[in-house]
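Engineer: below is the structure, and that's it, no one-letter string:
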């Protein structure tokens, strides 16, 4: 039976090393080796028995991985993730996106590995028809438990390293807005006005956290989402033009070609 979920064994040779956006959610448990990964301009490190979450529309860039890197991944569609997130507070969902990596031994040994073991069992049984529904419930239970653990265990390595500075909070807010409004928000002013700060201050925050300008981050995110739409959907160029709030198809083509060197038609081919 075809499902919206998958279970994968991953090695270094399976990693897509160029920057790209994903249209699915996933949980990855590192089994051996080490890797560095950039997600939406945040930097993370993976090592044996560390765990990381991915969400639809994330921009991924694997920067480095040792030859012995291997991992297991639970992969699920955006629809399954929506079902899992239905009864989760928005604040908890944001915490999960901010934390990303977990290396707490207690959580890994007692929760994460048990989650992967359960999913592996159900996914590999051809007589279990409700894998998507099971996955949604397992993911939801994990999200709630993980968020509570991080919130109420201040001695956790993740909690100790988390910064609560205004700059960090504002950058997280910028990235949240970019993830939600990238189709309509083309300019720095659009995001600065929604955050009630100046464009100059937003630029300073962006550079402080990434070394890049706010405009660069906006363009990079939009281009990766355009690539995702072109490569994984059947939307026509006219529909994409409308969805991404371009004035016309020529404007879409000029924008895409300026940032990729290809026209949307050529990229889709």
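Structural biologist: Sure thing, it's come through. Owing to the predicted nature of the structure, the values given are computational and were not obtained by experimental measurement. Numbers count the residues shown, from 1 in each chain.
Engineer: low-confidence bits of this protein, can you list those?
Structural biologist: 1-3, 89, 91-92, 153-164 (pLDDT under 70).
Engineer: give me the residue at the spatial middle of it.
Structural biologist: The residue lying closest to the centre of the chain (CA atoms, centre = their mean) is residue 58, at 3.0 Å.
Engineer: and the strands in the stretch 51-200 of the chain, which stretches?
Structural biologist: Using DSSP state E, counting those that start in this stretch, the strands assigned to the stretch 51-200 of the chain run over residues 51-54, 59-65, 70-77, 101-102.
Engineer: residue 259 is nearest to which of the ones you listed?
Structural biologist: Each of those has some distance to residue 259 by CB to CB; the shortest is strand 59-65, at 13.5 Å. Bear in mind the C-beta positions are built from the backbone N, C-alpha and C, glycine included.
Engineer: one step back: export the strands of the stretch 51-200 of the chain as JSON lines, with columns for distance to residue 35.
Structural biologist: As requested, the strands of the stretch 51-200 of the chain are exported to JSON lines (distance: least, CB to CB, whole Å):
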{"stretch": "strand 51-54", "distance to residue 35": "9"}
{"stretch": "strand 59-65", "distance to residue 35": "4"}
{"stretch": "strand 70-77", "distance to residue 35": "8"}
{"stretch": "strand 101-102", "distance to residue 35": "11"}
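Engineer: output these in JSON lines; the columns should cover mean neighbour count and distance to residue 127.
Structural biologist: Converted to JSON lines, the strands of the stretch 51-200 of the chain look like this (neighbours: other CB atoms under 10 Å; distance: least, CB to CB, whole Å):
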{"stretch": "strand 51-54", "mean neighbour count": "22", "distance to residue 127": "29"}
{"stretch": "strand 59-65", "mean neighbour count": "18", "distance to residue 127": "34"}
{"stretch": "strand 70-77", "mean neighbour count": "20", "distance to residue 127": "20"}
{"stretch": "strand 101-102", "mean neighbour count": "21", "distance to residue 127": "32"}
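Engineer: which of these sits closest to residue 169?
Structural biologist: The closest of those to residue 169 is strand 101-102. By CB to CB, the value is 19.5 Å.
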